[in-house]
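> Below is the sequence, then the predicted model.
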Number of protein chains: 2
Amino acid sequence: MKKLVYIVIIGCGRLGSILASDLSQQDHEVVVIDKDKSSFFSLRQGFSGFSVTGDVAEMNVLAAAKLNKAQVAIAVTGKDNLNIMVSQLAINVFKVPIVLTRILDPAREKIYQDLGLKTINTSKISAIAFLQTLQQQLTVSANGRSPVHQ
Amino acid sequence: MKKLVYIVIIGCGRLGSILASDLSQQDHEVVVIDKDKSSFFSLRQGFSGFSVTGDVAEMNVLAAAKLNKAQVAIAVTGKDNLNIMVSQLAINVFKVPIVLTRILDPAREKIYQDLGLKTINTSKISAIAFLQTLQQQLTVSANGRSPVHQ
C-alpha cells in the first residue's frame, strides 16, 4: 500500500513515541529520530516506520532521516531550544512544507510564533485539561454528589 | 475577599506553575510544593499563594502544606510513580475530597484509573493536539494553499 505522507518526528520521548505510533498506523511513512536508542522501545507494535539514532542537532543526523524528502517535520524533544533550532533547519535548509514545534515554556511561545513557527504549547494544553476537569469536579462537589474517588 | 477553595499543587514544574498561577488568580487559596526552591521563580506575578520547599514524598512536607485542610490536591510532578504515591496519600491519609493526578506513560493509565484515581494523561492530550493541528495543515496543503510558515 502506498504510504500517505512522509513524516519525520524529532524526539522519541513519550509524546514523540505516541505520535510516531499513531501516524504510522494511519499509514503515513514515519521516521523517528532520538539520541537515545532505548527510547525506541516505547514505540508500539504497530509501528512500521524507521528509527534513526543520533543527535538531532547535527545536520548529518537530520540528513540520514531524509528530512529533505519530508512533507512534515514534528519537533517534540523535551527542550524548547532544540525544538526551535531543528524546526528552523527543517524550514530553511531542508524546505519541509509543514513543520510543527513543541513549546514547553509559555513565556517563549509568542517569540517563536513571531518567527513564523507553528508552535503547540503542551504545558498550556495540559493546564487547560486540568482546569476543565477541576471545574467539573467542583461542580459535582457543589451539587452534593461525591467526587470520583469516594 | 474570601478565598474560594483551598488547593495544594504538588510539583511546580511548567505545568504546576501555570496551574498555581491561574488558580491563584481565580481567587483560590493555593499552596504549591516542590523540592527545588528555584522552581517557584516561574510563578507569575499575580500568584498570591504560598510555596513549600521539600520532598513531596515526605509526610511532614505534605503536612506542612496543610494537605489535611485541602479541598483539592493536584499531583503534577514529572514522575508518574511520585504522582500516584502522593495522590494515594492525599486520598487515604489526608482525606482530600478532590484529587487530580498527572500521568505521562499511557501504558499505566488504565491501572491507575482502576485504583480509583482521577488521572489526566498529558502525553495523550498533547498528542491529540498535534494530530489535530497536523490534520488541519495537511488539509490546507491539499487545498493548494501554503502552510503557515511559507
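Noted; the coordinates are in hand. Residues are numbered from 1 along each chain as shown, chains lettered A, B, ... in the order given.
> so what's the residue sitting nearest the centre point of chain A up against?
Centroid-nearest residue in chain A, with Cα atoms, centre = their mean: A:Val76, separated by 3.6 Å. For A:Val76, the contact set (Cβ atoms under 8 Å, 6 or more residues apart in numbering or on different chains) comprises A:9-11, A:13, A:15-16, A:19, A:83, A:102, B:130. No exception for glycine: its C-beta is placed from N, CA and C like everyone else's.
> the bottom helix or strand of chain A by mean pLDDT?
Lowest by mean pLDDT, DSSP states H and E among the helices and strands of chain A is helix A:106-114, with a mean of 82.
> got the contact list for it?
A:80, A:84, A:101, A:103, A:119, A:121, A:123-124, B:14, B:18.
> go again using 6 Å as the cut-off
Contact with helix A:106-114 is made by A:80, A:84, A:103, A:119, A:121, A:124, as judged by Cβ atoms under 6 Å, 6 or more residues apart in numbering or on different chains.
> Find the nearest non-adjacent residue to A:Phe40, please.
A:Ser51 (4.6 Å; Cβ to Cβ, 6 or more residues apart in numbering or on different chains).
> ok, how many other residues are close to that neighbour?
18 (other Cβ atoms under 10 Å in any protein chain shown).
> repeat for A:Lys37
A:Lys37: 11 neighbours (other Cβ under 10 Å).
> residues contacting it?
A:Thr53.
> quick one on the thing from earlier: from memory the residue nearest to A:Phe40 sits against A:Ser38, does it?
No. Using Cβ atoms under 6 Å, A:Ser51 is not in contact with A:Ser38, being 11.1 Å away.
> Tally up the residues packed near the closest residue to A:Ile84 other than its chain neighbours, please.
Once flanking residues are discounted, A:Ile84 sits nearest to A:Tyr112: 5.9 Å by Cβ to Cβ, 6+ apart. Residues near A:Tyr112, counting by other Cβ under 10 Å, number 20.
> same question, A:Lys79
A:Lys79 has 15 neighbours, counted by other Cβ under 10 Å.
> again, but for the one 5 residues further on
When neighbours are defined as other Cβ under 10 Å, A:Ile84 has 20 of them.
> from the contacts of helix A:106-114, which is closest to A:Leu4?
For the contacts of helix A:106-114, the minimum distance to A:Leu4 (Cβ to Cβ) is 24.2 Å, reached by A:Thr119.
> shouldn't that closest one be in contact with A:Asp105?
No. Under the criterion of Cβ under 6 Å, A:Thr119 is not in contact with A:Asp105, lying 10.7 Å apart.
> With neighbour numbers in mind, choose between these two.
A:Thr119 (23 against 14).
> Name the SS class of the more buried one, please.
strand (DSSP: H, G, I helix; E, B strand; the rest coil).
> Would you mind naming the residues that bridge with it?
In this entry, A:Thr119 is beta-bridged to A:Thr101, by DSSP bridges.
> Next up, the contacts around it.
A:101, A:103, A:109, A:112-113 are the contacts of A:Thr119 under Cβ under 6 Å, 6+ apart.
> A:Phe130 versus A:Asn143, what's the distance?
20 Å (Cβ to Cβ, to the nearest Å).
> measure the residue nearest to A:Ile84 to chain B for me?
Per Cβ to the nearest Cβ, to the nearest Å, A:Tyr112 is found 11 Å from chain B.
> before we move on, back to that, did I read that right, the residue nearest to A:Phe40 in a strand?
Yes. According to three-state DSSP, A:Ser51 belongs to a strand.
> Farthest pair within the contacts of helix A:106-114?
Greatest spatial distance in the contacts of helix A:106-114: A:Ile84 and A:Lys124, 16.6 Å, computed using Cβ to Cβ.
> Can you pull the residues of chain A lying near chain B?
A:14-15, A:18-19, A:91, A:97-98, A:100, A:104, A:116, A:118, A:120, A:122-123, A:125-127, A:129-130, A:133, A:137, A:147-149 (Cβ under 6 Å from any Cβ of the partner chain).
> quick one: A:Ser42 and A:Ser17 touch, right?
Yes. If you go by Cβ under 6 Å, A:Ser42 and A:Ser17 touch, sitting 4.2 Å apart.
> Let me see the mean pLDDT of the helix or strand hosting A:Ile33.
A:Ile33 belongs to strand A:29-34 when elements are defined using DSSP states H and E. Averaged over strand A:29-34, pLDDT sits at 97.
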